[in-house]
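> predicted model and sequence below, questions to follow.
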Amino acid sequence: MNSYDELLAAITPTSGPSRDVFDPATAERIGTAPVHDASMLAAAVDAAHAAQPGWAALDDQARRDALHRAADAVEAAAEPLALLLSREQGKPLNGPNARFEVGACAAWLRATAATDVPVEVVVDDGTDYAELHYRPIGLVAAITPWNWPMMIAIWQIAPALRMGNAVIAKPSEHTPLSGLALISVLNQVLPAGVLQAVAGDGALGAAMVADPAFGKIMFTGSTATGKKIISSSAENVARLTLELGGNDAGIVLPDVDPAAIAQDLFWGAFINTGQTCAALKRLYVHDDVYDAVVDALGEVASAMPMGVGTDENNVLGPLQNRMQWEIVDRLVEEAKADGGRVVVGGNPDREARGNFYPTTLIADLPSDSALVVEEQFGPALPIVRYSDVEEAIALANALDVGLGASVWSADRERAREVATRLEAGTVWINSHGGVHPFIPFGGVKKSGYGLEFGVEGLKSVAVPQVING
Ligand code: NAD
């Protein structure tokens, strides 16, 4: 089952409610997604309940092997998966985009299989003896957004399966086909029932969160939805991992070589055309290097081709949906009204069929402009000048979100000092946004709580049990 048409046919509903899905670059219809309701969710829960005990009873090695087979299946279907992802999400095949995302799915499956979660002897002093074990929770709900629809799904699914849980995943209503196709490929090799998908909008997500069958909700999406999930989970005392919105700051210290950092600054901000939770979303640059950094970034930004994702030349694509396009457009217009200087872009073709917003850099902005303090989640980076690093640290910490941040400097120790003062779950030095399957990732403040990846991520989809004696 490795051609694009076969992949699409496997997830196209033959009965029941459905809806058309469109390419955000061309507005062409690309497929049909099912629209599931509470009865489909109930059927999935029943099947998961039936399958989970057998899955949990397997020895750990058998589940590791299954994740490796799942990675093999993803690799065998990599090109059609990437094509579907590109057509539905909009991200180009090339660059750090669709093929990269599918590759990351296989890599995360393998890394999750390779991570040990040993029994910990916490006390052994001759009098007392206690061990800490991690047991399966049971059923895990995996609810994902539309920006990295395959990779974020794997971040939730792989550790939950590895720890002996069954998973019911709900892709975003904006990118249902990508999630369903990935899960269909994984299910070529996984035992029936341990991984299922339901497709629908926020109401179906809310029904999942309210369902007492789920002992754990893995959620990645907006802070607004995260708050609703926290409220709803109280009834069942469900465990939560919440990866929510961010507005990551980057601080450029006066000792940098602007030309040397421009490319990495660019990709830190514009990966996935800015639609990335932990992208660089506001840049504070020291007066000494301000003009040179803005010019160098402008040069890199002007040279990056944006267009239809299936054209191999492109490395930037459209916004995935019109709602996000409107947000970016509003914030850029407000930034202009606030006195921002358009260095590149800022002039969208409002009549175009696709959701393209040009790569945009806005310099000389006041630090309270909406483009600085609100999450744009798109290809428009605000640049703010500062003269005292204390001021830059205060501005970086002034918002109520804290997913990532970065410090840019030729002096690693100086950069590390500044990093320790930033309120963010991850602070990168001389890069921004890179994730690694063995390095824990999570937010602080209203960017959420809980960690993904590595041994911490595996523990978070399990329940701790102490054996004392
Ligand atoms: P969203 O919150 O609108 O939707 C995310 C998912 O939640 C979708 O599947 C949606 O159907 C579902 N949902 C909506 N209402 C729900 C409810 N009441 N109960 C349960 N589920 C519900 O977010 P989005 O617009 O798809 O994604 C963009 C946001 O996600 C941005 O703010 C971005 O920063 C954030 N994000 C965060 C991370 C991270 O790791 N922290 C990663 C990617 C995106």
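Cool, got the structure.

> break the protein into its domains for me.
Taking automatic domain parsing as the domain assignment, the record places the domains of the chain at 4-244+447-468, 248-429.

> these into a markdown table, with extra columns for distance to residue 435 and mean neighbour count?
Using the backbone N, CA and C atoms, a C-beta is placed for each residue, glycine as well. As requested, the domains of the chain are exported to a markdown table (distance: least, Cβ to Cβ, whole Å; neighbours: other Cβ atoms under 10 Å):
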| stretch | distance to residue 435 | mean neighbour count |
| --- | --- | --- |
| domain 4-244+447-468 | 7 | 20 |
| domain 248-429 | 7 | 20 |
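
> which SSE is the residue in the chain positioned nearest to the ligand in?
Evaluated by Cβ to the nearest ligand atom, the chain has residue 205 as its residue closest to the ligand, separated by 2.3 Å. When secondary structure is defined using DSSP states H and E, the element that contains residue 205 is helix 202-210.

> strands paired with the helix or strand just after that helix, and their directions?
Taking DSSP H and E as the definition, the helix or strand that follows helix 202-210 towards the C-terminus is strand 214-220. When pairing is defined by DSSP bridges, strand 214-220 lines up against strand 139-143 (parallel), strand 239-243 (parallel).

> what's near enough to touch the closest residue to the residue of the chain closest to the ligand other than its chain neighbours?
The shortest distance from residue 205 to any residue that is not its chain neighbour, by Cβ to Cβ, 6 or more residues apart in numbering, is 5.0 Å, and that residue is residue 143. By Cβ atoms under 8 Å, 6 or more residues apart in numbering, the residues touching residue 143 are 169, 170, 205, 208, 209, 217, 218, 219, 220, 221, 229.

> turn those residues into a markdown table, columns for pLDDT.
Listed next are those as a markdown table, based on pLDDT from 0 to 100:
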| residue | pLDDT |
| --- | --- |
| 169 | 98 |
| 170 | 98 |
| 205 | 98 |
| 208 | 98 |
| 209 | 98 |
| 217 | 98 |
| 218 | 98 |
| 219 | 98 |
| 220 | 98 |
| 221 | 98 |
| 229 | 98 |
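
> average pLDDT for the helix or strand residue 250 falls within?
Applying DSSP H and E as the criterion places residue 250 in strand 248-252. Average pLDDT, strand 248-252: 98.

> and it, is it in reach of the ligand?
No: contact of strand 248-252 with the ligand (Cβ under 6 Å from any ligand atom) is absent, the minimum separation being 9.6 Å.

> partners of that strand, with directions?
Paired strands of strand 248-252, with direction, are strand 280-286 (parallel), strand 404-408 (parallel) (DSSP bridges).

> picking that back up, can you put the strands paired with strand 214-220 in CSV and add mean pLDDT and distance to residue 310?
Supplementary listing: the strands paired with strand 214-220 in CSV, determined by pLDDT from 0 to 100; distance: least, Cβ to Cβ, whole Å:
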stretch, mean pLDDT, distance to residue 310
strand 139-143, 98, 28
strand 239-243, 98, 29
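
> in TSV, list those strands along with distance to residue 30.
Written out in TSV, the entries for those read as follows (distance: least, Cβ to Cβ, whole Å):
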stretch	distance to residue 30
strand 139-143	23
strand 239-243	27
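
> save those as TSV, and put in distance to the ligand too.
Below are the strands paired with strand 214-220 laid out as TSV (distance: least, Cβ to the nearest ligand atom, whole Å):
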stretch	distance to the ligand
strand 139-143	5
strand 239-243	3
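
> secondary structure element holding the residue nearest to the spatial centre of the chain?
In the chain, the C-alpha nearest the mean C-alpha coordinate belongs to residue 152, at 4.9 Å (Cα atoms, centre = their mean). Secondary structure here is read from DSSP H and E; on that basis residue 152 sits in helix 151-162.
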